[in-house]
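>>> Just the structure for this:
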Amino acid sequence: MAGQRISVLRLEGVSQEHFMQHLYPQRKPLVLEGIDLGACTSKWTVDYLSQVGGKKEVKIHVAAVAQMDFISKNFVYRTLPFDKLIQRAAEEKHKEFFMSENEKYYLRSLGEDPRKDVADIRKQFPLLEGDIKFPKFFKEEQFFSSVFRISSPGLQLWTHYDVMDNFLIQVTGKKRVVLFSPRDAQYLYLSGTKSEVLNIDNPDLAKYPLFSKARRYECSLKAGDVLFIPALWFHNVISEEFGVGVNVFWKHLPSECYDKTDTYGNKDPTAASRAAQILDRAIKTLAELPEEYQDFYARRMVLHIQDKAYSKNFE
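Reported below is the predicted structural model:
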């Protein structure tokens, strides 16, 4: 049985005030149309990006298959000059390749030193900065990162969540995005921030029976569309054709809530990490008891968490 499918709301001409006062508090994904993004939607062709983006070496994912899996790592990391990446990612078949003529490429741009610096295309690709305008729907001091995302046609990115709000700006090309609510996390078979279910359109329900209960929020993005992805919402992205996107992440919690070593925007808030460590210790402590007692007190712990911590509003 397939899960419920919900079309993501699309709105045109939304002002910053309307977004922040009426839409943002709902904490649901939303496609914004007609946002002024600058000249990038018309200028960022393969030739233009190859010329202006330059020969800066970039680290990329290279996969022999379309469905990329971060858990099993069914891809390799390689480096290419930015102009070469653009040219290869736009091809269906490659004359030059690492593994096969059908391999897929994916760029998630990084800071100068990824261990210390966040991605910001204004710093890493300054000649392209003047072409793009970020939606000014949040305060500049909340800005965290702006990430170039470049994908081969057909590439599917694993289902995952981020801990910050973000706008996915579809500059060129088309994407299909499937999202799942944080409240459906128990149906997604998580390993860290990622879901084990790769084939979300035809899942193996014998292996992942609960996945059928997850509600799918779906949308198609075309050039100029901006998808608001609230923090903790799971998303799976399929590039239906070669395309360029830019994610803009911002901090909607106080800065001290976030892990200071996080340059990707995907480490759990420090309070959540501490709570998970405490829970791990509690489970290890229960292991001192016989199995019957472990089961009983573990169930009591689950009930206690549900009673004390879960929101009473489940819809």
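
>>> mind pulling up the phi and psi values for the nearest residue to residue 122 once chain neighbours are set aside?
Distances taken as Cβ to Cβ, 6 or more residues apart in numbering place residue 129 nearest to residue 122, at 4.5 Å, with adjacent residues excluded. The way it works is simple: take the backbone N, C-alpha and C, and place the C-beta from them, glycine included. Per-residue torsions, residue 129: phi -60, psi -40 (degrees, to the nearest 10).

>>> How much space separates the closest residue to residue 43 other than its chain neighbours from residue 37?
Sequence neighbours aside, residue 131 is the residue nearest to residue 43 in space, at 5.4 Å (criterion: Cβ to Cβ, 6+ apart). From residue 131 across to residue 37, the span is 9 Å (Cβ to Cβ, to the nearest Å).

>>> Same check on residue 15?
Distance from residue 15 to residue 37, by Cβ to Cβ: 16 Å.

>>> Tell me which of those two has more neighbours.
residue 37 (20 against 9; other Cβ atoms under 10 Å).

>>> Quickly list the domain ranges of this protein.
5-257, 270-308 (automatic domain parsing).

>>> So which of those domains is nearest residue 264?
With Cβ to Cβ, the closest approach to residue 264 among the domains of the chain belongs to domain 5-257: 7.9 Å.

>>> Now do the closest one: distance to the chain's middle.
Here domain 5-257 is found 6 Å from its chain centre; the criterion is Cα atoms, centre = their mean, to the nearest Å.

>>> that older thread, does the residue nearest to residue 43 touch residue 39 like I think?
Yes. Residue 131 is within contact range of residue 39, at 5.0 Å (criterion: Cβ atoms under 8 Å).

>>> Settle it for me: which of these two has more neighbours?
Legend: neighbour count by other Cβ under 10 Å for residue 131 and residue 39, higher for residue 131 (20 against 11).

>>> and that one, what is it in contact with?
Contacts for residue 131 (Cβ atoms under 8 Å, 6 or more residues apart in numbering) come out as 38-40, 43-44.

>>> distance of it from residue 62?
Residue 131 sits 27 Å away from residue 62, going by Cβ to Cβ.

>>> swap in residue 51?
On the measure of Cβ to Cβ, residue 51 and residue 62 end up 23 Å apart.

>>> Compare neighbour counts for the two and give me the winner.
Between residue 51 and residue 62, counted using other Cβ under 10 Å, the more crowded position is residue 62 (20 against 12).

>>> and the more buried one, that's in a helix?
No. According to DSSP: H, G, I helix; E, B strand; the rest coil, residue 62 belongs to no helix; its state is strand.
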